[in-house]
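S.K.: Generate a structure from the sequence data that follows.
(4 chains)
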Amino acid sequence: MAEIVSLAEGVAELVNDGDTVALEGFTHLIPFAAGHEIIRQRRRDLELVRMTPDVVYDQLIGMGCARRLVFSWGGNPGVGSLHRFRDAVERGWPTPLEIEEHSHAGMANRYVAGASGLPFAVLRGYTGTDLPKHTGNIKPITCPFTGEVLTAVPALNPDVTVVHAQRADRAGNVQMWGITGVQKEAVLAARRSLVTVEEIVDSLDPTPNQVVLPTWAVNAVALVPGGSHPSYAQGYSVRDNEFYQSWDAISRDRDTFGTWMEQHVLDVRRDA
Amino acid sequence: MAEIVSLAEGVAELVNDGDTVALEGFTHLIPFAAGHEIIRQRRRDLELVRMTPDVVYDQLIGMGCARRLVFSWGGNPGVGSLHRFRDAVERGWPTPLEIEEHSHAGMANRYVAGASGLPFAVLRGYTGTDLPKHTGNIKPITCPFTGEVLTAVPALNPDVTVVHAQRADRAGNVQMWGITGVQKEAVLAARRSLVTVEEIVDSLDPTPNQVVLPTWAVNAVALVPGGSHPSYAQGYSVRDNEFYQSWDAISRDRDTFGTWMEQHVLDVRRDA
Amino acid sequence: MSQDWTSDEMMTVAAARQLRNGSACFVGIGLPSTAANLARATHAPRLVLIYESGCLGAKPDRLPLSIGDGILADTADAVVSVPEVFNYWLQPGNIDVGFLGGAQLDRYGNINTTAIGGDYANPKVRLPGAGGAPEIAASCREVIVIMRQSPRTFVERVDFVTSYGYGSGPGDREQLGLRGAGPQVVITDLGILRPDPSTRELVLTHLHPGATVEQARAATGWALVVADDLRTNEPPSEAELTVLRALKAATDADRTVAAG
Amino acid sequence: MSQDWTSDEMMTVAAARQLRNGSACFVGIGLPSTAANLARATHAPRLVLIYESGCLGAKPDRLPLSIGDGILADTADAVVSVPEVFNYWLQPGNIDVGFLGGAQLDRYGNINTTAIGGDYANPKVRLPGAGGAPEIAASCREVIVIMRQSPRTFVERVDFVTSYGYGSGPGDREQLGLRGAGPQVVITDLGILRPDPSTRELVLTHLHPGATVEQARAATGWALVVADDLRTNEPPSEAELTVLRALKAATDADRTVAAG
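M.R.: Residues are numbered from 1 along each chain as shown, chains lettered A, B, ... in the order given. As a prediction, this is how the structure comes out:
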């Protein structure tokens, strides 16, 4: 049974220094507010996992929360580079960032294996690319029936996965819809999970393309309206494309970044 | 692009003697009418595939259409045995029936592998059971990361999969909802596919828990209202549990069965 | 003492009592489904029923005839695909209780639902087969078995191991790497058997009111061990019987309507 | 001759023309998305756009900024999970065309979107990485590449193979067992390159109006081979330009509103 908690409580309880943490979301439903709370609570040495680390991971990395990043595409979608990510990889600022790099297909299947209680997944992937030269977690596997050689990747089982969803009911059942990416897999693969939601309602009316996470598969739910901004929650908000574009200038310079984070994240208390 | 055809045309065009054929449906949306048309067109030597061969497979087997059955649970749900299936296995009537037997988890993953373009699937399955002694298609596989031994099963890629769905639009996009079992996987795994539908509509309004098969992933769509009876189509009909119960008596005796099939299947023309 | 309940009712009630409120239970159709729905309607309103058709958290108000009846999808918290129910929900060990029936059961809790007599290619009786049972038996945190007891069904060694219990005794399950704890309790129309913690052999621990050790021995195809502290189950309460019969009545009424 | 269109517009139009009506196209964001949407709005109304966010058959009326914009889900025939889009739709070879961009491209059509200069651990420029591209390049029936041409981007050998083209030449793709045919055409702001059927090396086959072979050679980091029958592309038609500009205007208006 999921507990209904405040965002601060949820992060304090579920996210520890040194954890492997996945804040998933495929452009849609990215849990920005939870990422900001992790920054405010000054978590350190996190192994951050995500298919598409974008602005919120740029912020976590720039604020020194991460020691390692496991990912498949690290950019500001439609805009360009993540400058804090690049600064950490290229110049080790504010701390060196170790990276483990995959393709989307590989990462998605790693979550699927994690959610399935399997130690690995099989795919047609990475073939011919230079990724296996630098990522140890990619190995060949032979089909026991046909002899064909395919690719294996190990399961991903984050210590904690955080996602944002449209709604939960008072029992803690979670409902999301629209583009739901790998959110279900990332939650089921994790040892612990925290879901921030736009709304807590009496009952969840079914919606097309819904993904429902039963309360017994989630640890904690926190009410955080707008918790995915500048990403969006279909039916509740639209993507703030302008913010993503403005992030390029904000994040290019270490000081500008630091000032922005102070004003917009550190000095903000969501639960005040 | 799916072609809109009559049921007779669809079966004539897509189902050949000797084919591996899956008529899928997990209690819900079982394509009975299409099975009857296969019987009327007197297909022979079929390798029938299905997780839950039930009454329609009992009918196909009893009418001599099948040489082989690949399955994981062959019964009349909630009622008992399939007498035509048992007669074929136990006494080779009307023709001997070779069987290849799996668990649901194994069959479901075989379809998943087939739909995924992989030659095999990995699962925690069959362990300790006597199934691998009799089914060659179950092999151990070792995780290249942890050394753990798991189970591999080969992909299922039927020559043709037939399913029933609630609706299609005029372009041939198919929509189903409710319990959708392995229908999507069975269609995507197949070389060819035929979908019978309750209704053809101008546009498909999204529904909760819908599965949509885009027209370019389906070969043919046939309008067959009630085409899943005595199974059901959620939103259109309810399961005719009484028929399933009466099937026990109808099918127990070879002659009673033959007479019933003559009256209710062979002498009926759906497209007349 | 004349009983106002049948041994089947007693069996169902005893099985229902095993289910803890709030736990997640993978339910087979038939006796397990009846018992699980009785539990949900009595002491365990938050029991989560999972059917292999993909219905998570189904809340039927009558007993489904099949694992894919519409009432299950209509009332479920979530309806997922069949691959998903096995891969994401059962396989990782997310389900507390697997609730199974069977045609044969042996002293080590192995279950046969495949074939009886003859050999596999030419069986005397061909049964429906495995369905979801092998992986339910392997992956659920624990397994509850419900089966009517007779020398034909409770056998020394099952003809075919469809669902693995404790194999040939202590250590076998662990050696195979099975994650679930295996069959923790077997409910019959005569009483309750549990595996001995050291031998893993199923031992009679409870009798239903009116049943005797002699009956149980006669209905068991192996030399049945009886627990030192053999107990007698509470008879079905008024409330349990009322709810069970109402469930069955609603089910029958529904079928009559459907058949009309 | 003064042109009333930019070389970027010509590039987009030339790319759009490559897409056949009714085919299914796996679209990356940016130039590929613009060209694919232009094709759908002009000669290929039944072009099926597939975005890796899980949107199958998206029909946006403006250009999405990201592969997960709401307009894609709102207009899609089906929205599926990200594992499903890769496993069920891309991997088995169900997609006709993969439409990719890149930061570096080499003479054998290998693409780099990972890192430039230095070494992998300490690159000069760290790029976003692979995303869906490696498997799009491997599994789509054919690949179309769209990239602005310069000596910095069209290089002898990419610093990092993110997406495999023809490796080091003939036979490499087949040896790896890749199922798709690989890059069939590369559209640039100067013209079009195609792989030579025997050497697999990218050869200049078309120039855009106004572009010269000298420009193309100067913008290529390897000794560019020019096809014997080098042709000149048709300039953008009035209709193509009108639709392309309307798409961009709708997109800009939408962003201004969103930003307002």
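
S.K.: Pull the number of nearby residues for residue A:42.
M.R.: Using other Cβ atoms under 10 Å in any protein chain shown, residue A:42 has 11 neighbouring residues. Any C-beta I mention is one placed from the backbone N, CA and C, and that applies to glycine too.

S.K.: do the same with residue A:44
M.R.: Counted with other Cβ under 10 Å, residues neighbouring residue A:44 total 13.

S.K.: Against residue A:46, how distant is the closest residue in space to it that isn't next to it in sequence?
M.R.: Using Cβ to Cβ, 6 or more residues apart in numbering or on different chains and skipping residues adjacent in sequence, the residue nearest residue A:44 is residue A:17, 4.9 Å away. Going from residue A:17 to residue A:46 by Cβ to Cβ, to the nearest Å gives 8 Å.

S.K.: More neighbours: those two, which one.
M.R.: Shown here are residue A:17 and residue A:46; by other Cβ under 10 Å, residue A:46 has more neighbours (24 against 11).

S.K.: residue contacts, that one?
M.R.: By Cβ atoms under 8 Å, 6 or more residues apart in numbering or on different chains, the residues touching residue A:46 are A:15, A:17-21, A:38, A:60, A:65-68.

S.K.: isn't residue A:168 right up against residue A:198?
M.R.: No: if you go by Cβ atoms under 8 Å, residue A:168 and residue A:198 don't touch, sitting 9.2 Å apart.

S.K.: The residue nearest to residue A:44: what secondary structure?
M.R.: Following DSSP: H, G, I helix; E, B strand; the rest coil, the label given to residue A:17 is coil.

S.K.: Same check on residue A:122?
M.R.: strand.

S.K.: quick one: contacts for it?
M.R.: For residue A:122, the contact set (Cβ under 8 Å, 6+ apart) comprises A:109, A:141, A:150-152, B:118, B:120-122.

S.K.: which SS state does the residue in the stretch 151-272 of chain A that chain C sits nearest to fall under?
M.R.: Using Cβ to the nearest Cβ, residue A:212 is the residue of the stretch 151-272 of chain A that sits closest to chain C, at 3.8 Å. Put simply, residue A:212 is strand when judged by three-state DSSP.

S.K.: Please name the nearest non-neighbouring residue to the residue in the stretch 151-260 of chain C that chain A sits nearest to.
M.R.: For the stretch 151-260 of chain C and chain A, the shortest gap (Cβ to the nearest Cβ) falls at residue C:179, measuring 8.0 Å. Nearest non-adjacent residue to residue C:179, counting by Cβ to Cβ, 6+ apart: residue C:93, 5.3 Å away.

S.K.: circling back: can you check the pLDDT for the residue nearest to residue A:44?
M.R.: What the model reports for residue A:17 is a pLDDT of 98.

S.K.: contacting residues for it?
M.R.: Residue A:17 makes contact with A:43-46, according to Cβ under 8 Å, 6+ apart.

S.K.: Just the ones in strands from these, please.
M.R.: Here DSSP state E is the test, and the contacts of residue A:17 give residue A:46 as lying in strands.

S.K.: Flag every buried residue along the helix or strand harbouring residue A:247.
M.R.: Residue A:247 belongs to helix A:241-252 when assigned by DSSP states H and E. By 16 or more other Cβ atoms under 10 Å in any protein chain shown, the buried positions in helix A:241-252 come out as A:241-242, A:244-245, A:247, A:250-251.

S.K.: ok, and of the residues you listed, which contact chain D?
M.R.: A:241-242, A:244-245 (Cβ under 8 Å from any Cβ of the partner chain).

S.K.: Widest-spaced pair of these?
M.R.: Of all pairs drawn from those, the one with the longest distance (Cβ to Cβ) is A:242 and A:244, at 7.4 Å.

S.K.: which outside residues touch the longest helix belonging to chain C?
M.R.: Counting by DSSP state H, the longest helix found in chain C is helix C:238-259. With contacts defined as Cβ under 8 Å, 6+ apart, helix C:238-259 is touched by B:238-242, C:4-5, C:9, C:12-13, C:16, C:34, C:37-38, C:41-42, C:61-63, C:65, C:236.
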